[in-house]
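1. Any chance you can model this:
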Amino acid sequence: MTEMKAKKRRTDTHRFKDILDSAARIFRQKGYHHANISDIAKEVGLQKGSLYHYIKGKEELLYEIIMTALSLYVKSLRGIVIYGRPADEAIREAIVAHMEPISIQFDYIYVFINEMRNLPEKYRKEADRELENYERLWIKMLEEGKASGVLRPDVDSKMTMLSIFGMCNWTVRWYDPQGKYSITELAQMYGRNLVSGIKATD
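-> Numbers count the residues shown, from 1 in each chain. All right, here's what the predicted structure looks like:
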């Protein structure tokens with residue numbers, strides 16, 4: 001980022017957030033490859049050239065959206081892991097924390113889940129590192145659950161984590177805010193079902 005862009009972003013953070021929000025919405029609606037900078041500029045009421053005062057291009061917008069989503073995940077899960085709840089409680093709470101951003105930042109989460117594969121290599125390393133941080137927190141929580149005897153000793157922590165991600169992340173493809181269940185209610189249901197399958201018997 002040039003010094004001018006960095007200064008512009010620092011002094012107009014609300015405008016930059018508007019740009020990111022619009023980009024996330026358009027990427028979700030059109031798909032990353034079919035969206036273009038002109039769409040985003042029009043959405044925020046800027047000329048296409050003016051948009052480049054804030055960002056380098058479409059690739060940087062995708063990166064910023066993905067990192068915003070990942071930071072939400074890492075921050076919420078880190079607090080749960082540090083607090084040290086029993087593993088069954090922590091897992092249920094972590095599933096809720098993983099899913100609640102769908103109702104808060106739906107466009108960002110949808111783009112993260114569906115478009116991260118399109119992130120260019122120059123941005124991919126940092127995003128992968130943050131995703132690995134998130135995955136390590138999940139593995140730590142599950143392994144501690146096994147060590148404490150709350151979870152079955154034969155539970156495969158990595159496969160369990162991936163199953164949780166698959167179950168939760170697929171929800172963005174079909175979830176209807178006007179449907180029978182809220183995101184929190186769905187997450188609580190997922191948590192109960194998952195924990196009942198991996199919890200050690202008394």
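2. contacts, neighbours, all on C-alpha from now
-> OK.
3. mind checking pLDDT for residue 10?
-> pLDDT, residue 10: 43.
4. What helices and strands are in contact with the strand or helix carrying residue 162?
-> Assigned by DSSP states H and E, residue 162 falls within helix 157-169. On a contact count with 3 or more CA pairs under 8 Å, 6 or more residues apart in numbering; DSSP states H and E, helix 157-169 meets helix 87-99, helix 121-147, helix 183-198.
5. Which elements pack onto the second one?
-> In other words, helix 121-147. Where contact means 3+ CA pairs under 8 Å, 6+ apart, helix 121-147 is packed against helix 58-83, helix 87-99, helix 157-169.
6. what are the C-alpha coordinates of the helix holding residue 162, in PDB please?
-> C-alpha atoms of helix 157-169 as PDB (Å, rounded to 0.1, in the frame of the first residue of the first chain):
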ATOM      1  CA  SER A 157      -9.700 -34.000  16.900                       C
ATOM      2  CA  LYS A 158      -8.800 -32.900  13.400                       C
ATOM      3  CA  MET A 159     -11.700 -34.800  11.800                       C
ATOM      4  CA  THR A 160     -14.100 -33.600  14.400                       C
ATOM      5  CA  MET A 161     -13.000 -30.000  13.700                       C
ATOM      6  CA  LEU A 162     -13.400 -30.400  10.000                       C
ATOM      7  CA  SER A 163     -16.900 -32.000  10.500                       C
ATOM      8  CA  ILE A 164     -17.900 -29.000  12.600                       C
ATOM      9  CA  PHE A 165     -16.700 -26.600   9.900                       C
ATOM     10  CA  GLY A 166     -18.500 -28.500   7.200                       C
ATOM     11  CA  MET A 167     -21.800 -28.600   9.200                       C
ATOM     12  CA  CYS A 168     -21.600 -24.900  10.200                       C
ATOM     13  CA  ASN A 169     -20.200 -23.400   7.000                       C
END
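7. average pLDDT across the next helix or strand after that helix?
-> The helix or strand immediately downstream of helix 157-169 is helix 171-174, counting by DSSP H and E. Helix 171-174 comes out with an average pLDDT of 91.
8. still on that earlier bit, what's the closest of the helices and strands packed on helix 157-169 to residue 64?
-> Distance to residue 64, taken as CA to CA, is lowest for helix 121-147 among these, at 9.5 Å.
9. low pLDDT regions in the chain?
-> Residue ranges of the chain with pLDDT under 70: 1-11, 202.
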